[in-house]
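# 3D, please:
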Amino acid sequence: MESYLEINRKSWNAKVDPHLKSDFYFLDEFLKGRSSLNSIELELLGNLEDKSVLHLQCHFGQDSISLSRLGGKVTGIDLSDKAIAEAKQLAQKCDTDTKFICTDLYNLPNVLDEKFDIVFTSYGTIGWLPDLNRWAKVISHFLKPDGKFIMAEFHPVIWMFDDDFEEVKYNYFNEKPIIETYEGTYADPSADIVQEYVMWNHSLTEVLQSLIDNHLMIHQFKEFDWSPYPCFRHVEESEKGKWRISKFGNKVPLVFAIDAQKKSS
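Presented below is the predicted three-dimensional model:
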């Protein structure tokens, strides 16, 4: 079988064109200045003026460019060569100096020699990685002493259910790779693409302990009963910009967020 990296690179390359055209990514509004960042991560990021920021798994760069617009000196990285090519063009159109690198996250220390004030990642990222200890090691490697790691991510409880939220289908814990084929994409379910992908579920224990084991102190950990994106089936907008799964209401967490700091010694 092909490596998970090649399978997932093909999957994300296939998503780029339909995502660029989708309302989900509101490209026309973005080009006119609309930010792609949400209140959850903005509250944790704070003032970015003149801060160096490493954005992991950046897709085609909207959040990276939004971070640049807030004054950050931003480098975005992603596995998808097609996404990174589009990100570079998008940065030019937006007149930002955002830098982009195409690489597997685990390989990043071999291609980038720099330290950052902030490492950032958000929404639908860690599920593509088999080993969170290696992930946290990369984060720690690129942070300056006392640098911040900011993360917003979908809650692992949600990944336990089937797509229609009728039954618990998957293990909460990282038991084994999840290899499936999916039609369409979360940004456009009607998109004429069929993708195979490989993913892993990661418990909160796995996330938090991997950071702690790699010299990061957790300053804030938050859980939210809403998502800023209507990327799941059967959702309703309970308040403007806050989406919940209809049958669950506010009874289950949909997102968590972390503010951590690298120990200075």
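
# element containing the residue nearest to V235 when sequence neighbours are not counted?
Spatially, and ignoring its direct neighbours in sequence, V235 is nearest to W243 (4.6 Å; Cβ to Cβ, 6 or more residues apart in numbering). Every residue, glycine included, has its C-beta placed from N, CA and C. Element membership of W243, judged by DSSP states H and E, is strand 242-245.

# if you average pLDDT over that strand, what comes out?
For strand 242-245, the per-residue pLDDT values average out at 98.

# From the rest of the structure, what touches whatever helix or strand comes next after that strand?
Following strand 242-245 in sequence order, the next helix or strand is strand 255-262 (DSSP H and E). Defining contact as Cβ atoms under 8 Å, 6 or more residues apart in numbering, one finds that strand 255-262 is touched by 40-41, 44, 123, 140, 143-155, 204, 207-208, 211, 215-224, 226-228.

# tell me the contacts of H219?
D259, A260, Q261 are the contacts of H219 under Cβ under 8 Å, 6+ apart.

# Now rank the residues you listed by neighbours and give me the top one.
Neighbour tally across the contacts of H219 (other Cβ atoms under 10 Å): the maximum, 26 neighbours, falls on A260.

# who does the longest strand seen in the chain touch, helix- and strand-wise?
Under DSSP state E, the strand in the chain containing the largest number of residues is strand 143-154. When contacts are defined as 3 or more Cβ pairs under 8 Å, 6 or more residues apart in numbering; DSSP states H and E, strand 143-154 packs onto helix 39-45, strand 116-122, strand 255-262.

# quick one: contacts of that strand?
Strand 143-154 is contacted by residues 38, 40-41, 44-45, 115-126, 139, 207, 211, 216, 227, 254-265 when judged by Cβ under 8 Å, 6+ apart.

# if we go to 7 Å?
40-41, 44-45, 115-126, 139, 216, 254-262, 264 (Cβ atoms under 7 Å, 6 or more residues apart in numbering).
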